[in-house]
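Chemist: would you be able to build a 3D model of this:
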Amino acid sequence: MENKKVLITGLGGSIAVHFLAHILHNSDWEVIGIDSFNHRGYSDRLHEVIKDHPGWIGRWKVITHDLTAPFSEMTKKKIGRIDYIINLASLSDVEASIAEPVPFVKNNVSIMLNMLEYAREVKPKAFVQIGTDEEMGAVKEGEMPDEWASVVPSNPYSASKAAMTCLGIAWWRTYDVPVILTNTCNNYGEMQSSAKFPVIVQKKLMKDEVVTIHGNKNEVGARYYIHSRNFADAILFILKNTIPHLHKDGEVDRPDRYNIISGDFISNLELAKLIADIMGKELKYEFVDVHKTRSGHDRFYGLSGEKLKKMGWKPPLLFKESLKNVVEWQVKNPHWLE
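Modeler: Model prediction:
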């Protein structure tokens, strides 16, 4: 029997490289990665992940391609047979989406359309779309939305991700593409983008600078945070334990959808304090009104992870332990904080 092959888009990104490592370490599958590699550090991430694993040679390959354009016939031949598609590729910088919304949204929607049309042609066993908790918009603390909660995006980034989700539903219903929808919370991990909050905090602490916390002493922004290896583990669990539900004519139905979270619902101030404690640094911080300084942002994001929990999935990495490992790794590898 041939080994299963999975195509991962955006392979050079800080989440996808953890998917690559987790799949190669926890299965006999082969990985084909697609990326334009037009961002700093992408190829360095791949080198960092595979350098100590010579046994993985021959089980993965990467193809350079701009996913805003359809695959050429030559690229399709390079990819070869695939069983699964995990569509991680998208722009994700909220600030960039607010500054230049039109090219940002066009980029993400174009990627989704091209990947869905490719899936329509090659007919994989599953097409996993990676979504975000921000598609559901702001939540009240303690009221976490389930998989089919109302979609109320607050900024161009979350709107573009919601559009990608909606396109997935349409191609699932119209063309029988075996779409599996997922929504997850803020990822963290080694080699994360320097624009993300945990990395910003660590950089500020190393320079003895003041950390900006959005909110006030009575109400501080809060999120779920998930290590990218936990996220990858959940996707692998879904692919190994489920068969995508397909649309049946005449029925009012929906594709399979899963919220993926782990750890605790934690405020940004609490997270900053944890990072400071790990580094042995004093946290200096100031509150800034989130609505005055960050139009299009919400104070609370969250999801209910009860569905996947009831199916038996448990995150392999504990939050505080994995956060400690990430912070200490980046202290030893400070070029990833630049």
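
Chemist: and the strands in this protein?
Modeler: If DSSP state E is used as the criterion, the strands of the chain fall at 5-9, 30-35, 60-64, 84-87, 126-132, 179-184, 186-188, 211-214, 222-227, 256-260, 265-267, 285-288.

Chemist: dump the last one to CSV, keeping only the CA atoms.
Modeler: Listed in CSV are the C-alpha atoms of strand 285-288, where the atom choice follows Å, rounded to 0.1, in the frame of the first residue of the first chain:
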residue,chain,number,x,y,z
TYR,A,285,3.7,47.7,30.8
GLU,A,286,1.1,50.4,30.0
PHE,A,287,-2.5,50.1,29.2
VAL,A,288,-3.8,51.6,25.9
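
Chemist: quick check: domain ranges of this structure?
Modeler: 5-188+225-260, 197-223+264-299+320-337 (automatic domain parsing).

Chemist: quick one: terminal-to-terminal distance for the shortest one?
Modeler: Counting by Cα to Cα, to the nearest Å, you get 12 Å between the two ends of domain 197-223+264-299+320-337.

Chemist: can you give me the mean pLDDT across that domain?
Modeler: When pLDDT is averaged along domain 197-223+264-299+320-337, the result is 90.

Chemist: where does the protein dip in pLDDT?
Modeler: By pLDDT under 70, the weakly predicted segments of the chain are 1-2, 40-41, 290-297.

Chemist: re the thing from before, return the most buried member of the domains of the chain.
Modeler: Using mean count of other Cβ atoms under 10 Å, the stretch among the domains of the chain with the largest mean neighbour count is domain 5-188+225-260, at a mean of 19. Bear in mind the C-beta positions are built from the backbone N, C-alpha and C, glycine included.

Chemist: please state the offset of that one from the chain centre?
Modeler: In terms of Cα atoms, centre = their mean, to the nearest Å, the centre of domain 5-188+225-260 is set 8 Å apart from its chain centre.

Chemist: list the contacts for the closest residue to residue 81 other than its chain neighbours?
Modeler: Once its chain neighbours are removed from consideration, residue 81 has its nearest residue in residue 5; the separation is 6.1 Å (Cβ to Cβ, 6 or more residues apart in numbering). By Cβ atoms under 8 Å, 6 or more residues apart in numbering, residue 5 lies in contact with 29, 30, 31, 32, 80, 81, 82, 83, 84.

Chemist: tell me the contacts of the first one?
Modeler: What that stands for is residue 29. By Cβ under 8 Å, 6+ apart, the contact set of residue 29 is 3, 4, 5, 6, 23, 59.

Chemist: distance of residue 23 relative to residue 4?
Modeler: 10 Å (Cβ to Cβ, to the nearest Å).

Chemist: grab the nearest non-local neighbour of residue 203.
Modeler: Using Cβ to Cβ, 6+ apart and skipping the chain neighbours, the partner closest in space to residue 203 is residue 337 (5.2 Å).

Chemist: do you know how far the residue sitting furthest away from the middle of the chain is from residue 181?
Modeler: Largest separation from the mean C-alpha position in the chain: residue 250, at 33.9 Å (Cα atoms, centre = their mean). Taken as Cβ to Cβ, the spacing of residue 250 relative to residue 181 amounts to 22 Å.

Chemist: next one: residue 313
Modeler: Here the distance between residue 313 and residue 181 works out to 16 Å (Cβ to Cβ).

Chemist: between the contacts of residue 29, which is closest to residue 202?
Modeler: Nearest to residue 202 among the contacts of residue 29 is residue 23, at 27.6 Å by Cβ to Cβ.

Chemist: quick check, the closest one in contact with residue 6.
Modeler: Yes. Using Cβ atoms under 8 Å, residue 23 makes contact with residue 6 at a distance of 6.5 Å.

Chemist: find the residues that touch each one of these two.
Modeler: Each of 29, 31 lies in contact with both residue 23 and residue 6 under the rule Cβ under 8 Å, 6+ apart.

Chemist: where along the stretch 51-200 of the chain do the helices fall?
Modeler: Taking DSSP state H, counting those that start in this stretch as the criterion, the stretch 51-200 of the chain carries its helices at 73-79, 94-99, 101-122, 156-175, 197-206.

Chemist: okay if I get those as a markdown table plus distance to residue 66?
Modeler: Below are the helices of the stretch 51-200 of the chain laid out as a markdown table (distance: least, Cβ to Cβ, whole Å):
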| stretch | distance to residue 66 |
| --- | --- |
| helix 73-79 | 10 |
| helix 94-99 | 18 |
| helix 101-122 | 9 |
| helix 156-175 | 17 |
| helix 197-206 | 26 |
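
Chemist: among these, which is nearest residue 223?
Modeler: Ranking the helices of the stretch 51-200 of the chain by distance to residue 223, with Cβ to Cβ as the measure, places helix 197-206 first at 8.5 Å.

Chemist: give me the nearest residue to residue 27, chain neighbours excluded.
Modeler: The spatial neighbour of residue 27 that comes closest, neighbours along the chain excluded (Cβ to Cβ, 6+ apart), is residue 236 at 6.8 Å.

Chemist: which ones are touching the one you found?
Modeler: Counting by Cβ under 8 Å, 6+ apart, residue 236 makes contact with 22, 23, 26, 27.

Chemist: check residue 186 too.
Modeler: Residue 186 sits next to 133, 196, 197, 223, 224, 225, 226, 301 when contact means Cβ under 8 Å, 6+ apart.

Chemist: nearest to residue 162 among the residues you listed?
Modeler: Top of the list for closeness to residue 162, among the contacts of residue 186 and by Cβ to Cβ, is residue 133 at 11.3 Å.

Chemist: I am finished for the moment; much appreciated.
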